[in-house]
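> please find the sequence and the predicted model below.
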Amino acid sequence: MSERSPGTQQANGAETFTPFVELDRPMWSRLSMELQSPLTVEDAQRLRGLGDVLSLEEIREVYLPLSRLLNLYVAAAGELHAATTTFLGEKTTRTPFVIGVAGSVAVGKSTTARVLQELLRRWPDTPNVELVTTDGFLYPNAELERRGLMQRKGFPESYDRRRLLRFVSEVKSGAEEVRAPWYSHLSYDIVPGREVVVRRPDVLIVEGLNVLAPARPRADGRTGLAVSDFFDFSIYVDAKTSYIEEWYIQRFQSLRSGAFANPESYFHRYADLTDDEAHTTARGIWKRINEPNLIMNVLPTRGRAQLVLTKEADHSIRRMLLRKT
Ligand SMILES: Nc1ncnc2c1ncn2[C@@H]1O[C@H](COP(=O)(O)OP(=O)(O)O)[C@@H](O)[C@H]1O
Ligand SMILES: CC(C)(COP(=O)(O)O)[C@@H](O)C(=O)NCCC(=O)O
């Protein structure tokens, strides 16, 4: 068992400041021992992303305490919002609580986001929890090709960042109905005419590689806004890069008999690859696109999260870093 408090810590002999408190899983799990997990084995199977591992134990020990913490944050954010509107002499209306979930391709962000959605829905004050993935804001392939970005899918510049920012800010400001485009992993492209519609949820979860990226400097030299400016809470799902590479390759291999087998799949040509060929192809995509993006753009945002969940080689979450200050 370990707990490390925020403050100064030793790193390579030098003292560095950290705003995080570090908890291991036994310690974290004790924070909600009185709660009963509402999810079943079937729920866990349904919520788990391809290749990911999600046990009932993990739901009880990791996600249930997290949903309790988030429930406390939702209440506190509501009070803070009411204080501001009272100060301004305005009528208090509740606005959605927005949670960002960041991390590498293939780390299992979608599992984390779906489990949280399911658990938060069961708290009486947040029955309506919507989940949006940022892939819907990727430029369509035709536009990526025009910009020379087909080998940069998932990099910050491959997204219509202005549109994503507008979407999150409109939801956060309580708009009745906000629409987002929809991305298909099957066609590997935005699907024209298909949309995600969000109608004043109690909680919005925004999941994607770059959701914690800082704002870009504008042409006039000023710094603009980033989507994370609208987050009430943020989570970074973390693991060693070598583990994630392995998970990416294994998932690619399993997709051969799943999604790739569908003639509509962009990757259909890979369906008949042998294990070795699939390994080489997946490793190539990982090394060419996903690893550089992780190292250059995604990992540098980890310290901006309010909570870092760290996974071991077997995909299980073993360590939590919670920002206390
Ligand atoms: N080529 C693909 N075909 C079908 N589904 C895919 C493909 N690539 C990824 N997925 C699915 O899309 C979801 C998001 O994947 P990804 O962006 O790698 O994030 P993460 O693994 O962190 O959830 C996962 O559920 C994954 O199984
Ligand atoms: C669609 C993604 C960019 C993830 O998007 P996100 O929802 O995280 O914004 C990623 O899953 C992806 O397809 N990357 C391109 C390289 C590859 O095919 O692995």
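Everything's here; your move. Ligands and ions are numbered 1, 2, ... in the order given.
> which residue sits closest to residue 264, ignoring its sequence neighbours?
residue 186 (5.7 Å; CB to CB, 6 or more residues apart in numbering). (Each C-beta comes from the backbone N, C-alpha and C, glycine too.)
> repeat for residue 319
According to CB to CB, 6+ apart, the nearest residue to residue 319 is residue 310 (4.1 Å).
> and for residue 314?
Residue nearest to residue 314 in three dimensions, not counting chain neighbours: residue 53, with 6.4 Å by CB to CB, 6+ apart.
> am I right that that neighbour is in a helix?
No - per DSSP: H, G, I helix; E, B strand; the rest coil, residue 53 lies outside any helix segment and is coil.
> local confidence estimate at it?
Residue-level confidence at residue 53 comes out at 89, pLDDT.
> again with residue 168
On the pLDDT scale, residue 168 gets 98.
> what's the answer for residue 184, then?
97.
> can you check residue 11 too?
56.
> near ligand 2, which residues of the stretch 101-250 of the chain show up?
Selection of the stretch 101-250 of the chain residues close to ligand 2 by CB under 6 Å from any ligand atom yields 105, 133, 134, 135, 153, 154, 208, 209.
> neighbours of the fifth one, how many?
Spelled out, that is residue 153. Look at residue 153: counted by other CB atoms under 10 Å, it has 20 neighbours.
> name all residues that make contact with it.
138, 144, 289 (CB atoms under 8 Å, 6 or more residues apart in numbering).
> would you verify that residue 65 is located in a helix?
Yes - assignment of residue 65 by three-state DSSP places it within a helix.
> correct me if wrong: it contacts residue 31.
Yes - assessed by CB atoms under 8 Å, residue 65 is found in contact with residue 31 at 4.4 Å.
> look at the two and report which has more neighbours.
For residue 65 and residue 31, the more surrounded residue by other CB under 10 Å is residue 65, and the numbers stand at 21 against 16.
> got the contact list for that one?
Counting by CB under 8 Å, 6+ apart, residue 65 has contacts 28, 29, 31, 32, 35.
> could you say which helix or strand contains the second one?
Pointing back at residue 29 there. Here residue 29, judged by DSSP states H and E, is contained in helix 25-29.
> what are the boundaries of the helices in the stretch 1-150 of the chain?
Under the criterion DSSP state H, counting those that start in this stretch, helices of the stretch 1-150 of the chain are mapped to 25-29, 41-47, 56-58, 64-88, 109-121, 141-146.
> deepest-packed of those helices, please.
helix 109-121 (a mean of 22; mean count of other CB atoms under 10 Å).
> hey, what's residue 100 bridged with?
Beta-bridge partners for residue 100, by DSSP bridges, are residue 206, residue 234.
> distance-wise, check it relative to residue 108.
16 Å (CB to CB, to the nearest Å).
> of these two, which one has the most company?
Taking other CB under 10 Å, residue 100 and residue 108 do not tie; residue 100 has more neighbours (28 against 24).
> on that earlier part again, what about the helix holding residue 29, average pLDDT?
Per-residue scores along helix 25-29 average to 93.
> just the CA trace of it, in CSV.
Taking Å, rounded to 0.1, in the frame of the first residue of the first chain, the C-alpha atoms of helix 25-29 are listed here in CSV:
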residue,chain,number,x,y,z
ARG,A,25,-5.5,0.1,-5.9
PRO,A,26,-6.2,-1.4,-2.4
MET,A,27,-6.1,2.1,-0.9
TRP,A,28,-8.3,3.6,-3.6
SER,A,29,-10.9,0.7,-3.4
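> residue 278 reaches residue 253, doesn't it?
Yes - with contact defined as CB under 8 Å, residue 278 reaches residue 253; the gap is 4.8 Å.
> ok so, going back, for ligand 1, state which of the contacts of residue 65 is nearest.
residue 28 (21.0 Å; CB to the nearest ligand atom).
> roughly how far apart are the spatially most distant residue from the centre of the chain and residue 141?
Here the centre of the chain is the reference, and by CA atoms, centre = their mean the most remote residue is residue 89, at 35.8 Å. To residue 141, residue 89 is 50 Å away according to CB to CB.
> same question for residue 22.
Distance, residue 22 to residue 141, using CB to CB: 42 Å.
> same question, residue 195
18 Å.
> what about the helix or strand containing residue 320 and ligand 1, any contact?
Assigned by DSSP H and E, residue 320 belongs to strand 317-323. No - Strand 317-323 stays clear of ligand 1 (CB under 6 Å from any ligand atom), getting no nearer than 13.2 Å.
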